[in-house]
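*Asks:* got a predicted structure plus its sequence, pasted below:
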Protein chains: 2
Amino acid sequence: MQLKEIIENNAEVVSDQILRVDSFINHMIDPNVMMEIGEEFARRFRDDKITKVLTIEASGIAIGLTTALALRTPLLFAKKKVPSTLGDSYVSNIYSFTKNESVTVSVAKQYLKSDDKILIVDDFLARGEALKGLAHLVKQADAELVGVGIVIEKAFQGGGKALRDAGVRIESLIKVSSLEGGKLHLEE
Amino acid sequence: MQLKEIIENNAEVVSDQILRVDSFINHMIDPNVMMEIGEEFARRFRDDKITKVLTIEASGIAIGLTTALALRTPLLFAKKKVPSTLGDSYVSNIYSFTKNESVTVSVAKQYLKSDDKILIVDDFLARGEALKGLAHLVKQADAELVGVGIVIEKAFQGGGKALRDAGVRIESLIKVSSLEGGKLHLEE
């Protein structure tokens, strides 16, 4: 089965806004699906001389690990906490519309360098807040953001379009145009 | 290089109590080291008919993923949150001595069943609080806890001994007897 079909068949539409992938990505994880996701992202960014994969705990770690494995780079995951010694870290605030709160994310400066060519990966792209926060970490380090790999883009929430318009290369494995009527409607 | 040596060489002694593995396990991740860790745990539990690997977000996810991949099972990671619909989840409280606070962890009942044979994995074992919390989730589901795989056991904090005395099989890749003098002292 194609990766796209696996995602379509296992994602559960909870409401017009919420898609749940708890059975294979975000609570229980199917390691083989994760390996395929990582290999697919690696294929799409194979020629881009990526030096590091960046993601955010906890949802992005499995995806980041298999992508980094396939690209033969380290994985760096941003931590959701205010660093204890602030000067040693890059820090961003990410606003969550779902939770109506901000979370501080950080990476240690020693692991994100100006000569890094970064691929950001994550499970979902909705309004793009998490992605903007991660991109801001990359910018603070003066590193290069080469592109973004997303498993499921909720295109109807607009984050992907805004970021692409701003010049960010985003590769999404599936793009959801709507979740209306309890069904997954895909773009194209 | 042996896995044991890699861990010894890259772990950073921060104080008499704290060992940091941020350069290859717990912030930046070396995917190849993770694969080796997973394969080693799989080797040790190869004949135990494990049906599912269980860990806790975020630190255990990478280790759990490679272990589950090698054992050809799913990975289930406990979430650090109070579930929104309580009846659908098993819940434990884990006390953190480092942070002096409790955190609620949960797994959805549908993913942890009475016929599951569970291997728990995590990066550290110190006082054993996280492990006890995870074991309690397994017990609530009436599943079987076959054993535990730990990357670094801080043996001087006593959690491992207490759990082994209670009959839990624990496989630690390295056992630290002390961090005194800014150095890693290993058991044996």
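*Replies:* Sure, I can see it. Numbering: from 1, shown residues only, chains lettered A, B, ... in the order given.
*Asks:* residues in contact with residue A:73?
*Replies:* Each residue near residue A:73 by Cβ atoms under 8 Å, 6 or more residues apart in numbering or on different chains is listed here: A:50-53, B:31. For glycine as for every other residue, the C-beta is placed from the backbone atoms N, C-alpha and C.
*Asks:* just the element for it, please.
*Replies:* In this assignment (DSSP states H and E), residue A:73 forms part of neither any helix nor any strand.
*Asks:* ditto for residue A:136
*Replies:* Following DSSP H and E, one finds residue A:136 within helix A:129-140.
*Asks:* longest strand in chain A, by residue count?
*Replies:* Secondary structure of chain A read by DSSP state E shows that its longest strand is strand A:144-154.
*Asks:* what packs against the next helix or strand after that strand?
*Replies:* Note on strand A:144-154: by DSSP H and E, the next helix or strand toward the C-terminus is helix A:159-165. The contact analysis (3 or more Cβ pairs under 8 Å, 6 or more residues apart in numbering or on different chains; DSSP states H and E) places helix A:159-165 against helix A:129-140, strand A:144-154, strand A:170-178.
*Asks:* quick one, the last one and strand A:144-154 angle?
*Replies:* This points to strand A:170-178. Interaxial angle, strand A:170-178 versus strand A:144-154 (axes from the mean of the first three to the mean of the last three Cα atoms, to 10 degrees): 20 degrees.
*Asks:* what's strand A:170-178 packed up against?
*Replies:* helix A:3-10, helix A:31-44, strand A:144-154, helix A:159-165, strand A:185-186.
*Asks:* distance check, the nearest residue to residue A:156 once chain neighbours are set aside against residue A:125.
*Replies:* Spatial nearest neighbour of residue A:156, excluding adjacent residues (Cβ to Cβ, 6 or more residues apart in numbering or on different chains): residue A:178 at 5.3 Å. Going from residue A:178 to residue A:125 by Cβ to Cβ, to the nearest Å gives 15 Å.
*Asks:* what about these two, which has more around it?
*Replies:* Set residue A:178 next to residue A:125 and count neighbours by other Cβ atoms under 10 Å in any protein chain shown: residue A:125 wins out with 26 against 15.
*Asks:* what strand or helix carries residue A:66?
*Replies:* helix A:61-71.
*Asks:* which element follows that helix toward the C-terminus?
*Replies:* strand A:75-78.
*Asks:* so what strands line up beside that following strand?
*Replies:* strand A:52-56 (parallel), strand B:28-29 (antiparallel) (DSSP bridges).
*Asks:* doesn't residue B:62 make contact with residue A:61?
*Replies:* Yes - with contact defined as Cβ atoms under 8 Å, residue A:61 counts as touching residue B:62 (5.7 Å).
*Asks:* which residues do the two both contact?
*Replies:* A:75, B:29.
*Asks:* higher neighbour count, the two?
*Replies:* Comparing residue A:61 with residue B:62 by neighbour count (other Cβ under 10 Å), the higher total belongs to residue B:62, at 29 against 26.
*Asks:* any idea how far the more buried one lies from residue A:16?
*Replies:* 34 Å.
*Asks:* looking at this, residue A:59 is in a helix?
*Replies:* No - using DSSP: H, G, I helix; E, B strand; the rest coil, the assignment for residue A:59 is coil, not a helix.
*Asks:* quick one: residues contacting it.
*Replies:* A:25-26, A:122-124.
*Asks:* nearest spatial neighbour of the residue nearest the centre of chain A, chain-adjacent residues omitted?
*Replies:* With distances taken as Cα atoms, centre = their mean, residue A:122 lies nearest the centre of chain A, 1.7 Å away. Of all residues not flanking residue A:122 in the chain, residue A:60 sits nearest, at 4.6 Å (Cβ to Cβ, 6+ apart).
*Asks:* what is the neighbour count of residue A:166?
*Replies:* Neighbours of residue A:166 (other Cβ under 10 Å): 10.
*Asks:* quick one: it from residue A:50, how far?
*Replies:* 20 Å.
*Asks:* returning to that earlier point: just put the helices and strands packed on strand A:170-178 in JSON lines and tack on mean neighbour count and mean pLDDT.
*Replies:* Below are the helices and strands packed on strand A:170-178 laid out as JSON lines (neighbours: other Cβ atoms under 10 Å in any protein chain shown; pLDDT from 0 to 100):
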{"stretch": "helix A:3-10", "mean neighbour count": "14", "mean pLDDT": "92"}
{"stretch": "helix A:31-44", "mean neighbour count": "20", "mean pLDDT": "98"}
{"stretch": "strand A:144-154", "mean neighbour count": "23", "mean pLDDT": "98"}
{"stretch": "helix A:159-165", "mean neighbour count": "16", "mean pLDDT": "96"}
{"stretch": "strand A:185-186", "mean neighbour count": "14", "mean pLDDT": "94"}
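*Asks:* wait, residue A:24 touches residue A:36, no?
*Replies:* No - applying Cβ under 8 Å, one finds residue A:24 not in contact with residue A:36, separated by 11.1 Å.
*Asks:* list residues touching both of those two?
*Replies:* In contact with both residue A:24 and residue A:36: residue A:6, using Cβ under 8 Å, 6+ apart.
*Asks:* the closest residue to residue A:44 other than its chain neighbours pairs with what?
*Replies:* The spatial neighbour of residue A:44 that comes closest, neighbours along the chain excluded (Cβ to Cβ, 6+ apart), is residue A:171 at 4.9 Å. Here residue A:171 sits in beta bridges with residue A:149, going by DSSP bridges.
*Asks:* what strands line up against the strand or helix carrying residue A:118, and which way round?
*Replies:* Using DSSP H and E, residue A:118 maps to strand A:117-125. Here strand A:117-125 has these sheet partners by DSSP bridges: strand A:52-56 (parallel), strand A:144-154 (parallel).
*Asks:* the first one to helix A:61-71, inter-axis angle?
*Replies:* Taking the same axes, to 10 degrees, one finds that strand A:52-56 is oriented at 170 degrees with respect to helix A:61-71.
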